[in-house]
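**Student:** Sequence and predicted model, in that order:
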Amino acid sequence: MATNMANTRIQRELAEVARASDSEKGIVSLEALDGRLDHLLGVIMGPPGSPYDGGTFKLDIHIPVEYPFKPPIIKFATKVWHPNVSSASGAICLDILKTNWAAAMTLRTVMISIQALLGSPVADDPQDAIVAGQFKSQRSLFDQTARYWAHIHAGAPTSVAVMDQKVAQMVQMGFRESDVQDNLSWNGWDVEKALEKLAPG
Amino acid sequence: MDIGADSKASSFSINLESPIKAVALNRAGTQVVAAGRNLLRIFSINENGFVEQESLRFSNNNRSNPTNQLGGQCTDVAWNLNDENILASSTTTGAVAIWNLSMNAVVKQDMIFTEHRRTANRVCFHPTEVHSLLSGSQDASAILFDLRNREHCTIFRCEEAVRDVRFSPHQYFEFVVCLENGNVQIFDMRNADTCVREFTCHAGPVFQSHFHPTDKTLLATCGRDKCIKVWNILENKNPSLEYTVSTIAPTGCIAWRPGHDTHIASTALTTDFSISIWDLRRPFVPFASFEKQTDLVTCLVWKLDPNIIISGSRDGLLSQFVTKDACRPADKLNPVGLDIGSSGDLALACSNRILQGYGRKSGKQKLQNMFKEELSIAEEFRLNATSKLLLYPYEDVPSLSMEWFVESAKGYLLYGRSVAELCANNADVAERNGRNQVAQVWRIVGFLYASSDNNRNQKSGHSSGDNRVSQRHLSEGRREELLHVLRFDDATSEAPYSDNIFHRNTRNLSTREPSLAMEPTSGNAGDFLFNEQTVFEEVDTPFTGVETMVDEDAWQLQTEGFQLRHELPDRSDSHIDGLATKDINRDRNRSGSLGPDDHSYEDALRFGSMTALLTRGPTLDFSQLVQETVHFYAEQGDPQTAVSLILVLGERIRSHFKEALLEAWMLDYIDLLSHFQLFTVANEVIKLSHVSAVGELNQQSTTVYTSCNNCGKHLHKTSWYCTNCKKLTNCCSICQLPVRGLYVWCQGCQHGGHLEHMEQWFRHSLQCPTGSCGHYCEFI
């Protein structure tokens, strides 16, 4: 259980997000899970103009006992295709969540930073090497994949027809849809390679 | 730089035989008005002298009509720039008078405004608006009068007494207000609620401000902190300090020199009788100065001509100075600088030219060489002059090192133990620092005052009071005194009867009955105690034996009680002997709240009077000796030893020194301590000083003015809540709650918070907890 100071701070931060200005409303929201103050659910919207536009991304936030001396532990609960986010676990690579954490930062500012990270990936400091590689070499394919993932996982309105087709094709072969999506993405939408991974030999 | 060689004007003066407080010129610069005590005279300025035009008479019905109170003393005078016939003057009573020269009466006083409740320091006409007059007063307000309608005035409330007001010549609606707390506020005439901008200019009062005549961004201010500062007040930016001129005395008056953008004239409030003209690019030596005055110059104004200054001085001289008559101090100077750092390092900066000459020729030749090039020296300050900086670290010049001072200041104990212990400790400290003579002094003093506590006799500051008190108490009933003795017993539960009271008795005895005091001690401790015991038995109190107490304990008790509470009342007691009896009455009423010292002292007085007949002791007076020693060290320029001796011996010898002398020594010592940043010791000295002028140091400037860290708004009423941003300011950066108790602030980035939180944060981090500022804070 978080310390007393952490508790009061989290309460204040919940209130801060709740009374944030209208322009921020809907972009960022935060709620306590099961009435506990050390495990929170944050929600951010995909930044406009990015492949994540229109998606709703959930964040799993754990507050350590030492908070605010230690940064909150945050990962994506929604699957995201992003160089700085692990496509498998949702772990985020962001300096302020690690070495550059400062006590004066709040969950609101951190969530806004994560949203900004979605809008401007930093491929030189990747969390997910496959995604980062794709971001660097095949930018259009990366954009499409990211948009596709935002559609299927985060509920973004626009999908990518080509990818839908490829997935449908492989699902017909009897594989699970989620496995197909992951493997196709990891293999650059190369159906052959994905098949090899899914059914080795 | 030309210095007015072409001007035909000459310097002259006229003696008005009354101190001049202010002068003002009319718009054309042909007439001047001088104001002072019962003085308001107008002169026209001719080529070779002032010719009196008019002496304005103060109305006689002052006393009969208090609302019309003009008082005697004018503090300032202003000439309407748009109407030649209108003058305004302010007075020490706060009245602002308007004079109309076109009136056909004996008393040409047109109107009087009495809105100010205290001295009006400054009046100022609007440069273009004929009916607007601004005044600033000690009652912390500036008032904008409309001369057409005397009912109509706008009051601008400021946070402190107003020293100066001045309309901006560039912005129609703006004026600037200089405050006694060192701040300068810029107001908009249309908005009386709040100032547009506020910034801190000086440490201590700001005496005058002056807008640069051409450059709209520059504002010059001067203050008691011996500085003239020029600020860049460009809008939408924080005012930045552009130039600083350090003067030798508090500067009372400044004026930009017309036609010379970097020249500003100044006069001092104390010490310095000269008028200096400074070139901002060379802020250390005046560009030119007039040094012939015999008294303080109180006001000065440029006569629209860059070469002529009109000034008034305290000895009543109204003078015109022409710059060609000024001396140029820079020409007399050698470009050599020498300073000694606080740790004893010696730095010498020297022009290369001199060094070269020194290397080649003998001293005499070198000097001649310098005089030949006299004219170029002044010029060289503005050019790039090559020079050498030589640094001699203190190891090379051990005699300059002040390490002993710092070490002694830190090591000396001034209170909290018995005199013997304090002296022994201080002697050790002095010895460790190689000051054997001082160590010896401490030992001797320690020996004298510890071996016999009879020295308390020396507390003769109370002798007159003692007399009266004891007489009074002798006449009071014996029983009451006995009760007091009992209360004394309660207050200091383990009071050292054997020693302390005995000595207290002898003190009173000796002061009251000197003839008896000369006799040898007849009653030994046993006799005395026996007597006391019978006293207690008489009033049916269980008295459980007598314990022989060590004197030290009594001392600790006394200091404690004295330190923790009732410092102020006690202080007044020690100074005002005549009130001693009154104090006793008061103290008796407050019996519960008294510290042991108060009790023991006052009761000892009575007790002494009662037992005076029982015991008597010899008087040994060392005070003469100590007094001489203290004087010796003070005159040697060692206030440390002198003040420390006084503080350790406290009441025993304090009364042998004049208060003014004590004050001077203590202030000297405190100055030195502050110089070495030994603020804790300095504060200790202030606390223990018991000199009212020194004690006040701790009671001045105790207000902290805060401003919002988000929008920069000054927070006056609600020090922690910004009404602008609607949030609490300066919360702890870590828990984001307002801080009660210890607040740690990084002086570098101005972020901070609870001490314990910051400690915790910096245990694993180097950077500021705010993150966004990225400052590597230095914490402890």
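**Tutor:** Perfect, thanks for sending it.

**Student:** Next, count neighbours for B:A664.
**Tutor:** B:A664 is surrounded by 16 other residues when neighbours are defined as other CB atoms under 10 Å in any protein chain shown. The way it works is simple: take the backbone N, C-alpha and C, and place the C-beta from them, glycine included.

**Student:** In terms of helices and strands, where is it?
**Tutor:** Secondary structure from DSSP states H and E places B:A664 in helix B:659-675.

**Student:** on contacts alone, who are the packing partners of that helix?
**Tutor:** Applying 3 or more CB pairs under 8 Å, 6 or more residues apart in numbering or on different chains; DSSP states H and E, we find helix B:659-675 packed against helix B:639-649, helix B:679-689, helix B:692-695.

**Student:** tell me the contacts of residue 37?
**Tutor:** Looking at chain A here, since you left the chain open. Listed by CB atoms under 8 Å, 6 or more residues apart in numbering or on different chains, the contact set of A:L37 reads A:2, A:6-7, A:10-11, A:63.

**Student:** actually it's chain B I care about, not the one you picked
**Tutor:** For B:R37, the contacting residues are B:18-19, B:21, B:72-74, by CB under 8 Å, 6+ apart.

**Student:** Tell me how far the nearest residue to B:D668 once chain neighbours are set aside lies from B:V630.
**Tutor:** Here the nearest residue to B:D668 in space, its sequence neighbours aside, is B:P639; by CB to CB, 6 or more residues apart in numbering or on different chains that works out to 4.2 Å. Plainly put, B:P639 is 10 Å away from B:V630 if you go by CB to CB, to the nearest Å.

**Student:** Of these two, which one has the most company?
**Tutor:** Set B:P639 next to B:V630 and count neighbours by other CB under 10 Å: B:V630 wins out with 25 against 21.

**Student:** Quick check: the more buried one touching B:Q640?
**Tutor:** No - with the criterion set as CB atoms under 8 Å, B:V630 and B:Q640 do not qualify as a contacting pair; they are 11.5 Å apart.

**Student:** Which positions in chain A make contact with chain B?
**Tutor:** Residues of chain A that fall close to chain B, judged by CB under 8 Å from any CB of the partner chain: A:5, A:8-9, A:12, A:68-69, A:96, A:100-106.

**Student:** How much space separates A:A91 from chain B?
**Tutor:** Distance from A:A91 to chain B, counting by CB to the nearest CB, to the nearest Å: 21 Å.

**Student:** same question, A:A18
**Tutor:** A:A18 is 15 Å from chain B, by CB to the nearest CB.

**Student:** Right, and chain A sits closest to which residue of chain B?
**Tutor:** B:G771 (2.4 Å; CB to the nearest CB).

**Student:** and that residue, helix, strand or coil?
**Tutor:** coil (DSSP: H, G, I helix; E, B strand; the rest coil).

**Student:** quick one on the thing from earlier: closest to B:V694 out of the contacts of A:L37?
**Tutor:** Nearest to B:V694, judged by CB to CB, of these is A:A6 at 48.5 Å.

**Student:** Show me what counts as buried in the one helix or strand the closest one maps to.
**Tutor:** Element membership for A:A6 (DSSP H and E) is helix A:4-18. Of the residues in helix A:4-18, A:5-6, A:9-10, A:13-14, A:16-17 count as buried by neighbour count, 16 or more other CB atoms under 10 Å in any protein chain shown.

**Student:** for stretch A:81-93, same thing?
**Tutor:** In stretch A:81-93, counting by 16+ other CB under 10 Å, buried: A:81-87, A:90-93.

**Student:** partner strands of the top strand by length along chain A, parallel or antiparallel?
**Tutor:** Here the longest strand in chain A is taken by residue count, with DSSP state E as the criterion, and it is strand A:36-45. As defined by DSSP bridges, the strand partners of strand A:36-45 come to strand A:28-33 (antiparallel), strand A:56-62 (antiparallel).

**Student:** what pLDDT, on average, does it get?
**Tutor:** Per-residue confidence for strand A:36-45 averages out to 85 on the pLDDT scale.

**Student:** Next secondary structure element downstream of the strand or helix carrying B:V33?
**Tutor:** According to DSSP H and E, B:V33 maps onto strand B:31-36. Sequence-wise, the next helix or strand beyond strand B:31-36 is strand B:39-45, with elements assigned using DSSP H and E.

**Student:** Only C-alpha atoms, please: export that next one in PDB.
**Tutor:** Listed in PDB are the C-alpha atoms of strand B:39-45, where the atom choice follows Å, rounded to 0.1, in the frame of the first residue of the first chain:
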ATOM      1  CA  LEU B  39      11.200  79.500   2.600                       C
ATOM      2  CA  LEU B  40       9.700  79.600  -0.900                       C
ATOM      3  CA  ARG B  41      11.600  82.200  -3.000                       C
ATOM      4  CA  ILE B  42      11.700  82.700  -6.700                       C
ATOM      5  CA  PHE B  43      14.800  83.900  -8.500                       C
ATOM      6  CA  SER B  44      15.500  84.700 -12.000                       C
ATOM      7  CA  ILE B  45      18.800  83.400 -13.300                       C
END
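
**Student:** Show me what that strand packs onto, helices and strands only.
**Tutor:** strand B:31-36, strand B:50-55, strand B:74-79.

**Student:** okay, these in a markdown table with mean pLDDT next?
**Tutor:** Converted to a markdown table, the helices and strands packed on strand B:39-45 look like this (pLDDT from 0 to 100):
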| stretch | mean pLDDT |
| --- | --- |
| strand B:31-36 | 91 |
| strand B:50-55 | 88 |
| strand B:74-79 | 91 |
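
**Student:** what's the closest of these to A:A199?
**Tutor:** Comparing those against A:A199 with CB to CB, the closest turns out to be strand B:74-79 (99.0 Å).

**Student:** Up against chain A, what does chain B have?
**Tutor:** Taking CB under 8 Å from any CB as the contact definition, chain B meets chain A at B:733-737, B:751, B:757, B:760-761, B:764, B:767-772.

**Student:** what number of residues lie near the closest residue to B:C153 other than its chain neighbours?
**Tutor:** Once flanking residues are discounted, B:C153 sits nearest to B:F145: 4.8 Å by CB to CB, 6+ apart. A total of 22 residues lie near B:F145 under the criterion other CB under 10 Å.

**Student:** and B:F145, bridged to which residues?
**Tutor:** Listed beta-bridge partners, B:F145: B:L133, B:C153 (assigned using DSSP bridges).

**Student:** Domain ranges for chain A, per the record?
**Tutor:** A:4-119, A:129-198 (automatic domain parsing).

**Student:** could I get those domains as JSON lines with distance to B:T706?
**Tutor:** Conversion of these to JSON lines gives the following (distance: least, CB to CB, whole Å):
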{"stretch": "domain A:4-119", "distance to B:T706": "19"}
{"stretch": "domain A:129-198", "distance to B:T706": "46"}
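
**Student:** which of the residues in stretch B:675-685 are buried?
**Tutor:** When burial is assessed from 16+ other CB under 10 Å, stretch B:675-685 yields the following buried residues: B:676, B:678, B:681-682, B:684-685.

**Student:** If you could redo that for stretch A:33-53, that was the one I meant.
**Tutor:** By neighbour count on 16+ other CB under 10 Å, the buried set for stretch A:33-53 is A:37-38, A:40, A:42-47, A:50-53.

**Student:** Now compare the residues you listed and name the two farthest from each other.
**Tutor:** The largest separation in the buried residues of stretch A:33-53, counting by CB to CB, is between A:L37 and A:P51 at 33.9 Å.

**Student:** And for the closest residue to B:L269 other than its chain neighbours, the neighbour number?
**Tutor:** Distances taken as CB to CB, 6+ apart place B:G252 nearest to B:L269, at 3.9 Å, with adjacent residues excluded. Counted by other CB under 10 Å, the residues lying close to B:G252 total 21.

**Student:** Which helix or strand contains B:G252?
**Tutor:** Per DSSP H and E, B:G252 falls inside strand B:251-256.

**Student:** partner strands of the very next helix or strand once past that strand, parallel or antiparallel?
**Tutor:** Toward the C-terminal end, the helix or strand that comes next after strand B:251-256 (DSSP H and E) is strand B:263-268. Listed by DSSP bridges, the sheet partners of strand B:263-268 and their directions read strand B:251-256 (antiparallel), strand B:275-279 (antiparallel).
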